[in-house]
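1. Generate coordinates for the sequence data below:
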Amino acid sequence: MPEIPFHLDAEKIAKQFVESIKKNTGITLQYDVKSIKTLESIIDQLRQLKSKEAEKIVLSAGIWFGECLRALFGGQWHYEEQYKEWGILFTKKELTAFPISKAFKQYKNGLEDSVQGYAIAIKSNLA
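-> Presented below is the predicted three-dimensional model:
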């Protein structure tokens, strides 16, 4: 698959997610570690709903999570042909993270698949 400017859509979706969370909860998400912990709580609350609407929110949450990882650790959106999904490629260590998949794993499995734990592991692997 040829590279497409997914990052432009990702930035827009992430911004809309931040605005929606602010409007509906009063919580302001930043592109920082503290906000990843907040995201973990948001996904955990969405788990209780188990609805198509919750899944749409989790998709946006995963894209925001990717933008947050880019802000924290560098990297760029990259389509991984092997897995047929978008991830963040960290060129420093040639490591790819899949934030959208991770958001859905936490949504399905709970905190055993936490986005915060994933971010900590990425930081450790990039060190």
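2. From here on, just use CA atoms for contacts and neighbour counts.
-> OK.
3. ok, which stretches of this protein are strands?
-> With DSSP state E, the ranges of strands along the chain come out as 76-80, 85-90, 95-97.
4. Of all the ones you listed, which one is nearest Lys50?
-> strand 85-90 (22.9 Å; CA to CA).
5. Contacts for that closest one next, please.
-> Around strand 85-90, the neighbours that count as contacts under CA atoms under 8 Å, 6 or more residues apart in numbering are 66, 69-70, 73-80, 95-100.
6. To what extent is Ala121 buried, counted in neighbours?
-> Applying other CA atoms under 10 Å, we find 12 residues neighbouring Ala121.
7. Distance to Ala121, mean pLDDT and mean neighbour count added to the strands of the chain, as JSON lines?
-> Below are these laid out as JSON lines (distance: least, CA to CA, whole Å; pLDDT from 0 to 100; neighbours: other CA atoms under 10 Å):
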{"stretch": "strand 76-80", "distance to Ala121": "18", "mean pLDDT": "91", "mean neighbour count": "19"}
{"stretch": "strand 85-90", "distance to Ala121": "13", "mean pLDDT": "93", "mean neighbour count": "20"}
{"stretch": "strand 95-97", "distance to Ala121": "10", "mean pLDDT": "94", "mean neighbour count": "18"}
